[in-house]
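Visitor: show me the folded form of this:
(chains A, B and C)
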Amino acid sequence: MSLLKAEDIAVHFGGVKAVDGVSFEVDEGEVFAIIGPNGAGKSTIFNLISRIYTMTRGKITFDGTDITRLPSHKVAPLGIARTFQNIELFDHSTVLQNLLMGRHTHRSTNFVEDILFLPKVRREEREHRKRVEEVIEFLELEAYRGKMIAGLPYGVRKVVEIGRALAMGPKLILLDEPASGLSVEESQEVAFWIEDMRRDMGLTVLMVEHDMKLVSAVADRVLAVNNGRPLALGTPAEVQSDPHVQAAYLGTPEEDAA
Amino acid sequence: MRIAFKTSYDTDIDFHEHWNNRFWIIALVVVMALLPFIVSEYYLAEVANTLIFSLAGMGLMLLVGHTGQVSLGHAAFLAIGAYTDAALMNAGWPFLIAFPVAGLAAGLFGALIAIPAVRLSGIYLAIATLAVFVIVEEIIILAEPITGGVGGLFAPTIEIFGLSFDRYANLSNFYWLCLVIVVLVTLGYSNLMRSSTGRSFLAVRDSEVSARALGIDVTRTRALAFGLSCAVTGLAGALMGHFIGFFNYELFSIFISINLLLVVTIGGLGFIQGAFLGAILITAMPQIIAILRDGLNATAGIDLGSIPGLDTIIFSLILITFIIYEPAGLYGRWLKMRVWWEIFPLARRDMFRRQKSYLKTERQK
Amino acid sequence: MELLQLLFGGIANGCIYGLVALGFVLIYKASEGVNFAQGDMMMLGAFIALGLGNSDQLGLPFGLAVILAMVLMGGVGWGIERVVVRQIFGQPQFALVILTIALGFVLRFVAGSIWGYTPLVLETPFTGKNLQLGGIVLGVADLVTILVTAVLTIGLWAFFAFTRVGLAAQAASQNQMAAYIVGVPVMRVNGLIWGLSGAVATVAGVMYASKGAIDPNIGLLGIKAFAAAVIGGMGSLPGALLGGLLIGVVEPIAGRYAPGEFAAMAPYIIMLVVLVTKPSGLFSQMQAKKV
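Guide: Numbers count the residues shown, from 1 in each chain, chains lettered A, B, ... in the order given. Next comes the predicted model:
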């Protein structure tokens, strides 16, 4: 059954067609990857799903709900978590606090109860901490729990951001280039985690990635895009051998350099 | 170096990891409570003033330090608190009702303004608050029947259950009242910061886009922070009115707004403790300057009393020094010193070096 | 006829607001921060011109005094950037706000210590002279203000549009990192812009002083000029000028036809309306941040 469904989505910035008529469906429990050269519109598709941009045409439904016109902060409560290409963590907070912020959609207390710190608030805090500790254990972040983000190395921040998304307990997780800037070992670790997210947590994963090795290792299906248009859709092997995809990546005489 | 051995989630949830931290806080509150028996009336009044400034500083800290929004017009909310409280009490309301209502009025007014204004980011919000300040000031002059116009207004004596809390006749009582209010607000503020509302403030401060992606309604969160900040500031304003006794719109000048910014910046942005340190500095500084001036006059015969604006210039220079050399403020400096001692002699020279980064603007074209 | 008279005075006043607003915009374009000491730089500029030119002080010829004052204030602006502002490079925007507010106090103190706090009058060749045109009285000082403002605006616009340094400053204001990478000496450009805005502030100060007495607190006019800059949009030079003119014209008219304190509030009410309806000003340049 499809969890996320994008139908003919498009967004134009002035005259630039960043995404122009892309359709795809992500099935529940699937690892779905979007690949393409720089500026192909991959991250823009993510930003359309999390409603940072408003689409010019098309429709996105998630779990039966139309999210095309939803305010951006109402996307997360449906069960969609995401990471960012350039890491958008809360730099002046600790790792633990960052992960706790990921639990925002699960809060049930209001600010008056928080100010009074009623027993209910404490109960909820304990529950948040328990969930967050599970994520910390899963991603092996124990050593960094109380550290400020600002002082952490790039690789760790990348993992913390994944952790923050997981802390939300989402149905669908959007990973924007999870392996970019990571060492070979680190990106292998990411591959294992993605595998575990699907198998143990029952998550659906939608990722944008450059690293074809990672994509072939974890993705069930791949969508290749170029210049905002879809090129090919299929298993990693199928997409990799697709002549259009090869042309887009390597540039051949039949395809003008874009 | 102390190690906190955590055995339950409550260790993290509670204010302090160590019992001895808690001990020092309790000891401090006890000493503060006993102060009227220890110091003279003159210094007690000074301490009360410091408490009131701490309260106002906490109000602004919530906004500037914890939500990352700057207000250049917080004097307006002090004024709203002071005038509401005094006007209600003059109309016969008891202090116990008039005081919270004054805070509420300032908070609601702040939230009302915030709803359109918080859509503005950074510098634009600061400008809007400045405009609000000027407009409120003019309205106060216009609304003479309530505010006494240019002439001013008399803040009535506080009386709770027949007990007088007059600032002059019963200074100790007034001081204790201030202390209780400050302790309660500090407690509420700390509670807020260890729960999800406080975390959503920090989230909005550090990255708006990922706050949204986590399901945080940024506009609502900012309006809430603005409202709460104004409410606390309004409470401080009400107390300030009682402390001064007789006041007009000039008490709440743009300089008070700037002084409050000074309190939070020098104290240490993002730390509740910073509001207190900043308030202590700003209320003690005129005293220190006066003592130094007298000392210089007596020993070296240099008369600095003839130079007008000396206080302001010293404040300004301190502020400039802090912004350049210690943007984390007094509390940030204290934390660094503590870490340095705890790991002595392992501190490295560059450990606390700030990372300089090139300004990445939010503009694209 | 009365309206025309008000309009003329308003435009001349508006030009001064506009000139100070130009200073705000210059620095905003270069440092992406607001210099809240701009009004005080105007004040100091006026006092330096007074100190150089007035017969009881140094007694230099008026033109020479103004040019020297511009050069000196250019140096002050450059120095402020060099010694203070550069140190907080990379800190959040509001650090600059607080820093410049404090600097404003320092400038006020300096002027007060040298020239005192009693109002002084700057001697200019055109103080108090009037022209009659139809039924309207045109102050020569007002005419000069309007003329100088027009020339200065065109000059600045040409500077940013055509010169290498101007283009470099534009680049730096959009993305300092990128500008740095492509070889724009960001720091040097910023220093230059601060110097330039010091000089522009001096012109505004002299124009202001030609119409009345000055004291160290006239820098508070900066707040109103700031409203002008916001109304026009912080990134736009012509916008700043138009914002200034708008405020300059609205003020006397509101004072004449509206009740009580409204004249004092008018600039800020306009500013709030603009901020809420079109936050980036009437000549916008802002766009959402990219992720």
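Visitor: residues of stretch B:179-195 that come out buried?
Guide: When burial is assessed from 16 or more other C-beta atoms under 10 Å in any protein chain shown, stretch B:179-195 yields the following buried residues: B:179, B:181-182, B:185-186, B:188-189, B:191-195. In this view, the C-beta of every residue, glycine as well, is placed from N, C-alpha and C.
Visitor: got the contact list for it?
Guide: A:109, A:111, A:114-117, A:121, A:125, B:13, B:15, B:29, B:32-33, B:51, B:54-55, B:58, B:62, B:66, B:198, B:201, B:228, B:232, B:235, B:239, B:272 (C-beta atoms under 8 Å, 6 or more residues apart in numbering or on different chains).
Visitor: what about chain C: which of the residues you listed touch it?
Guide: Near chain C, taking C-beta under 8 Å from any C-beta of the partner chain as the test, no member of the contacts of stretch B:179-195 is found.
Visitor: just the buried subset of these, please.
Guide: A:109, A:111, A:114-117, A:121, A:125, B:13, B:32, B:51, B:54-55, B:58, B:62, B:66, B:198, B:201, B:228, B:232, B:235, B:239, B:272.
Visitor: now do residue B:121, the pLDDT please.
Guide: Looking at residue B:121, its pLDDT reads 64.
Visitor: so where's chain A shaky on pLDDT?
Guide: Low-confidence segments of chain A, defined by pLDDT under 70: A:1, A:250-258.
Visitor: I meant the stretch 201-350 of chain B, not that one.
Guide: For the stretch 201-350 of chain B, the ranges with pLDDT under 70 are B:301-308, B:344-350.
Visitor: longest single helix anywhere in the chain?
Guide: By default, I'm working from chain A. helix A:119-138 (DSSP state H).
Visitor: wait, chain C
Guide: Assigned via DSSP H, chain C shows its longest helix as helix C:2-31.
Visitor: tell me the gap between that one and the middle of its chain.
Guide: Centroid separation for helix C:2-31 versus its chain: 8 Å, with C-alpha atoms, centre = their mean, to the nearest Å.
Visitor: what's the following helix or strand after that helix?
Guide: helix C:38-53 (DSSP states H and E).
Visitor: which helices and strands sit right next to that next one?
Guide: helix C:2-31, helix C:62-83, helix C:93-115, helix C:186-209, helix C:221-232 (3 or more C-beta pairs under 8 Å, 6 or more residues apart in numbering or on different chains; DSSP states H and E).
Visitor: against which helices or strands is the longest one packed?
Guide: Here helix C:2-31 is seen to pack against helix C:38-53, strand C:136-139, helix C:140-162, helix C:164-174, helix C:186-209, helix C:221-232, helix C:237-257 when contacts are counted using 3+ C-beta pairs under 8 Å, 6+ apart.
Visitor: in contact with the residue lying closest to residue A:139 once chain neighbours are set aside, which residues?
Guide: Nearest residue to residue A:139, sequence neighbours excluded (C-beta to C-beta, 6 or more residues apart in numbering or on different chains): residue A:163, at 5.0 Å. Contacts for residue A:163 (C-beta under 8 Å, 6+ apart) come out as A:95, A:98-99, A:102, A:135-136, A:138-139, A:141.
Visitor: quick check, nearest of these to chain B?
Guide: residue A:102 (6.0 Å; C-beta to the nearest C-beta).
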